[in-house]
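Output the structure for:
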Amino acid sequence: MKEKFEVIEIENKTMVLKVNRSGGCTGCSASGACGTGILANYFDHYSVFNKPLQEGVAIGDIVTLEISAAELFWRAFQLYIVPLLALFVGAGVGSVYFPVNELWQISFGFSGFIGTLILTKYFIK
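Have a look, this model is predicted:
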């Protein structure tokens, strides 16, 4: 999978890249009727992130980055499946420690889910 990015800033051996996301949800004919298309109108249509500076790159250049299929699959697994697994594991741990109190089981499940989402956001790059 390849994507083109624009270099918008260079700071201390780091380049700040911007990519437009407008090709997906705002481009189809059903975007006015589907929930994702409606929500896309309220958010920015681009993403900004940092990457290590490549030699010979200047502000305004277009760079192409590529991600392998295996890496893409692994990232999708971390983002979608791991939090669900943590939900079930947390609920299982809650049912072991509190077999008759369903509120605690639910709390452990949601704690595992939310904890995994937080870990994914801040520690998996």
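
who touches stretch 87-96?
104, 105, 106, 107, 108, 109, 110, 111, 112, 113, 115 (CB atoms under 8 Å, 6 or more residues apart in numbering). Bear in mind the C-beta positions are built from the backbone N, C-alpha and C, glycine included.

Adding pLDDT as columns, could you present those in a markdown table?
Formatted as a markdown table, the contacts of stretch 87-96 follow (pLDDT from 0 to 100):
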| residue | pLDDT |
| --- | --- |
| 104 | 95 |
| 105 | 95 |
| 106 | 96 |
| 107 | 96 |
| 108 | 96 |
| 109 | 96 |
| 110 | 96 |
| 111 | 96 |
| 112 | 95 |
| 113 | 96 |
| 115 | 94 |
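
Just the buried ones from these?
Among the contacts of stretch 87-96, those classed as buried by 16 or more other CB atoms under 10 Å are 104, 105, 108, 109, 111, 112, 113.

What is the nearest of those residues to residue 73?
residue 113 (21.5 Å; CB to CB).

From residue 7, how far off is the closest one?
37 Å (CB to CB, to the nearest Å).

Residue 99 sits in which helix or strand?
Assessed by DSSP states H and E, residue 99 sits outside every helix and strand.

Report the contact partners of residue 108.
Contacts of residue 108 (CB under 8 Å, 6+ apart): 90, 91, 93, 94, 97, 98.
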